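1. need coordinates for the below:
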Amino acid sequence: MPFNPELCRNESEVESKLIVQYLLPNLGYTPDIWHQEVTFGSIRLDFLAFAKQAKHFVLDANSPLSVVMEAKHPKQNLNNHVYRLKQYLTKLGVAYGLLTNGKEIRIYQKSKGNIQLVFRCSGREVDSKIDEIKQIIGRDSLRRNIQNEEIEIQTINQPLEITRNNKMKIIAIYHNKGGVGKTTVSVNLAAALSNMGKRVLLIDIDSQANSTFAAGLLKFQFEEDDNLKDNNISHLLESGEFNFIPDIVRKSEYFNNPEIDIIPSHITLIEYQDKLNKIAVSRTRLVSKLKRVEKDYDVVIIDTPPSRDLYAEVALIAADHLIIPSDLKPFANQGLPTVIKFINQINEYREVMGKPAINLIGVLPSKISGNNKFLQYTFPKQRDVITQRYNLPLMESEIYDRTAISACMNQILNVAELEYPDP
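-> The predicted model follows:
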């Protein structure tokens, strides 16, 4: 797919749309040999890509085996960041560095304690120039310089070992109103992050089990075939001594390239709630059990119920970050003060536990009509209400309502006299 620099509105989108989705795959770098948010002592790199998979990521001062990629905001002047890139390449002994703000792509080469510009093009030219870029920093081009079978090089003085700086992030998707797109956001965010090479765990803690179903689970003809009834999120919460995440986790069936790990839900969560409510520590068990797998996942996404019940509390106590999907219509907006009050109560509980307040990423516009007049006149007013009346941050991303996809969600499968959802 061609790269469009107009789609990059901030640094994060330069990273995801230009580097992760376009450059790294086209240059031959697979997720197992590139690393994001890598720290060498006091140096923090956006991306470090290796020409060959390495057992020990320790670099020699003259090693030509890898490339640093740094992304900046589209409004940033790249000239202001050349000196910092020079420090990275010369101190770490990395041969090449790519510097981009989406609108411009530059490649610098380390040379005798300095760096020199060896390639430059605009974001609009990158499709036509990709072969030239491959010749300079493509995986195959750099790999030709590798003489040894294994990369295990020690520095002359003190080795600089890579520290992965991507602590497991836990993101709850919550609104106390139903039908605003929580499951859509949860499932698609999990799938997108997984496609970017992230190790993702999707937790469904809503008794409607929509995320569980969307991932291809909970599809059975007879009740006796239901293998999730006795193996779901409620069992994860019922004890601190058994039923840990590896015991409950399932692999997705609809998303299989790559698969996503899922903690499924089930309609029986309704029955379990009274029992769990009587156990005060059940609210913190997800926290402790996620702690056990923090090295196994990069991101955890939690799909929550449209309520303020025990399961919503469990999700928001465990999460580090919160996204509030909303169609921005009056009924959804009327629920926002209640959401804010609920978050404040959860933050009091978190403070007692010694956890910081949950980070509200923002309200995410979802299920937005694609009608041109609506987008021109009504939608801007709806957006302004969130920031001006409710004083909440509003995310830049927007999810539009697609009629064809909505129709798919209504498909059913007839088995004998029974009807099963089959989107």
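
2. domains in the chain, by residue range?
-> 5-164, 169-421 (automatic domain parsing).

3. make CSV out of those domains and add mean neighbour count and mean pLDDT.
-> Where you see a C-beta, it was placed from the backbone N, CA and C, and this is true even at glycine. Listed next are the domains of the chain as CSV, based on neighbours: other C-beta atoms under 10 Å; pLDDT from 0 to 100:
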stretch, mean neighbour count, mean pLDDT
domain 5-164, 17, 79
domain 169-421, 17, 85
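
4. contacting residues around the lengthiest helix in the chain?
-> Longest helix in the chain, counting residues (DSSP state H): helix 336-353. Contacting residues not belonging to helix 336-353 are listed as 174-176, 283-284, 287, 308, 312-313, 316-317, 322, 324, 326, 356-358, 360, 363, 386, 390, 392 [C-beta atoms under 8 Å, 6 or more residues apart in numbering].

5. which SSE is residue 24 in?
-> helix 24-26 (DSSP states H and E).

6. nope, residue 115 is what I was after
-> Per DSSP H and E: strand 114-122 holds residue 115.

7. neighbouring contacts of the helix or strand just after that strand?
-> Later in the chain than strand 114-122, the nearest helix or strand by DSSP H and E is helix 126-137. Outside helix 126-137, the residues within contact range by C-beta under 8 Å, 6+ apart are 2-3, 18, 22-23, 26-28, 67, 96, 98, 105, 107, 109, 118-119, 121, 140-141.

8. now helix 126-137: how far from the chain's centre is it?
-> 28 Å (C-alpha atoms, centre = their mean, to the nearest Å).

9. what does stretch 245-264 give?
-> The answer for stretch 245-264 is 16 Å, by C-alpha atoms, centre = their mean.

10. what sits up against it?
-> 190-191, 194-195, 199-205, 209, 211-212, 214-218, 228, 231-233, 235-236, 289-290, 292-293, 297.

11. re the thing from before, next helix or strand past the longest helix of the chain?
-> Downstream of helix 336-353 (by DSSP H and E), the next one is strand 359-365.

12. counting by contacts, list what that following strand packs against.
-> Contacts defined by 3 or more C-beta pairs under 8 Å, 6 or more residues apart in numbering; DSSP states H and E place strand 359-365 against strand 321-326, helix 379-388.

13. I'd say residue 317 and residue 287 touch.
-> Yes: between residue 317 and residue 287 there is a contact under C-beta atoms under 8 Å: 6.4 Å.

14. quick one: the helices in the stretch 101-250 of the chain?
-> 126-137, 139-143, 182-195, 210-214, 233-237, 245-248 (DSSP state H, counting those that start in this stretch).
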